[in-house]
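A.B. asks: 3D, please:
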Amino acid sequence: MSEVKFYSIEGRMLISHDKMPTWQKFRKIVRAIKPEHAIEKVLSELGSNHRVKRYHIIIERVREVKLEEITDTNLIRLARLKRWVKV
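C.D. replies: Numbering: from 1, shown residues only. Got it, this is the predicted structure:
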């Protein structure tokens, strides 16, 4: 079984490309097995939350993040889970 890791994805996305196009920087930390899966998750989240097309998103940097570098408490709790419990 593959180990799930945390990846930091940094880049830019084009906001309001019709009237006044502006590039906005973003940085997201996601859990994934491979860097390709992390990129896919970020593209999906940005597209659904901000209505940005994939060709308006530029990924500039992908790197693996250690648990000590993460500041989001929800991600830390998720990483420390021992097992999943189905209800």
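
A.B. asks: packing partners of the lengthiest helix in the chain?
C.D. replies: Looking across the chain with DSSP state H, the single longest helix is helix 35-50. When contacts are defined as 3 or more Cβ pairs under 8 Å, 6 or more residues apart in numbering; DSSP states H and E, helix 35-50 packs onto strand 5-15, strand 22-32, strand 57-65. Every C-beta, even on glycine, is put in place using the N, C-alpha and C of the backbone.

A.B. asks: for the first one, buried residues please.
C.D. replies: Meaning strand 5-15. Within strand 5-15, the residues scored as buried using 16 or more other Cβ atoms under 10 Å are 5-9, 11, 13.

A.B. asks: re earlier: what would the helices and strands packed on helix 35-50 look like in CSV with mean pLDDT and distance to residue 80?
C.D. replies: Converted to CSV, the helices and strands packed on helix 35-50 look like this (pLDDT from 0 to 100; distance: least, Cβ to Cβ, whole Å):
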stretch, mean pLDDT, distance to residue 80
strand 5-15, 95, 12
strand 22-32, 95, 12
strand 57-65, 97, 15
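
A.B. asks: residue 87 is nearest to which of these?
C.D. replies: strand 22-32 (21.2 Å; Cβ to Cβ).

A.B. asks: and the closest one, what does it pack onto?
C.D. replies: Partner elements for strand 22-32 (3+ Cβ pairs under 8 Å, 6+ apart): strand 5-15, helix 35-50, helix 73-79.

A.B. asks: kindly export the shortest one (C-alpha atoms) in PDB.
C.D. replies: Read it as helix 73-79. This file holds the C-alpha atoms of helix 73-79, laid out as PDB (Å, rounded to 0.1, in the frame of the first residue of the first chain):
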ATOM      1  CA  THR A  73      -4.900  22.100  12.500                       C
ATOM      2  CA  ASN A  74      -7.400  20.100  10.400                       C
ATOM      3  CA  LEU A  75      -4.600  18.700   8.200                       C
ATOM      4  CA  ILE A  76      -2.500  17.800  11.300                       C
ATOM      5  CA  ARG A  77      -5.400  15.900  12.800                       C
ATOM      6  CA  LEU A  78      -6.000  14.100   9.600                       C
ATOM      7  CA  ALA A  79      -2.400  13.100   9.400                       C
END
